[in-house]
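1. quick one: sequence and predicted model below, then my questions.
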Amino acid sequence: MAAAGSALGRNRGVAGSGFRPTRGLYLIFSLLCLVGLANSLGKGTQDMLKEALQNMEQKVQSEKENYYSKHSVLSEVMNENERYLNTMLALMERGPPELKSQQAFFESIKVFSETIKTFMDGVEEHTAAGFENLENKLESTKELLKSLEEDHDEF
């Protein structure tokens, strides 16, 4: 009876351990499915990020061109205004004394115009720095995405 009990115990031990050849295959199959799923989700996310990055680059370029086209027009208007004021002041210097009374007014307009031009130049520098910062961030994001793609390919 003892021999039968020990044989029964051995069978339960093997059966109780839960190891069956099909269970090992099921585990390997499950892991492969999960890896494949993770791999496909990663690629879709990378494609979405890549597309969003391209859209952002196009938008930044469009905004940059829009800003600089408007700024160049305003800058040209300010330069033309400055030429007219300088011409008016030169004419007042050579003109009759009645015009000299208006000279202080035109000089104050010139000072105001120079102040606006200085402000516009500061805004342009600030905006150019902002565009450069944004382009640097886009470039680092591109490099990160490229690194992720290389890691994904290795995976």
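-> Sure, I can see it.

2. state the mean pLDDT of the helix or strand hosting residue 92.
-> Using DSSP states H and E, residue 92 sits in helix 21-94. The average pLDDT for helix 21-94 rounds to 77.

3. try stretch 133-144
-> For stretch 133-144, mean pLDDT is 86.

4. buried residues in it?
-> By neighbour count with 16 or more other Cβ atoms under 10 Å, stretch 133-144 contains no buried residues. Bear in mind the C-beta positions are built from the backbone N, C-alpha and C, glycine included.

5. what sits up against it?
-> 53, 56, 57, 60 (Cβ atoms under 8 Å, 6 or more residues apart in numbering).

6. hang on, the earlier thing: who does the next helix or strand after the helix holding residue 92 touch, helix- and strand-wise?
-> Counting by DSSP H and E, the element after helix 21-94 in chain order, helix or strand, is helix 97-100. Secondary-structure packing of helix 97-100 (3 or more Cβ pairs under 8 Å, 6 or more residues apart in numbering; DSSP states H and E): helix 21-94.

7. let's see 6 Å
-> Applying 3 or more Cβ pairs under 6 Å, 6 or more residues apart in numbering; DSSP states H and E, one finds that helix 97-100 contacts no other helix or strand.

8. now it: mean pLDDT?
-> pLDDT averaged over helix 97-100 gives 78.

9. return the set of buried residues in that helix.
-> Counting neighbours by 16+ other Cβ under 10 Å, one finds that helix 97-100 has no buried residues.

10. got the CA positions of it in CSV?
-> Coordinates of each C-alpha in helix 97-100 appear next as CSV, following Å, rounded to 0.1, in the frame of the first residue of the first chain:
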residue,chain,number,x,y,z
PRO,A,97,11.9,131.4,-40.8
GLU,A,98,8.2,130.5,-40.6
LEU,A,99,9.1,126.8,-41.3
LYS,A,100,11.7,126.8,-38.5
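
11. can you name the element that comes right after that helix?
-> helix 103-154.

12. what residues does residue 73 make contact with?
-> Applying Cβ atoms under 6 Å, 6 or more residues apart in numbering to residue 73 gives no contacts.

13. of the contacts of stretch 133-144, which is the nearest to residue 93?
-> Nearest to residue 93 among the contacts of stretch 133-144, counting by Cβ to Cβ, is residue 60 at 48.6 Å.

14. which one is that closest one nearest to, not counting chain neighbours?
-> residue 134 (5.7 Å; Cβ to Cβ, 6 or more residues apart in numbering).
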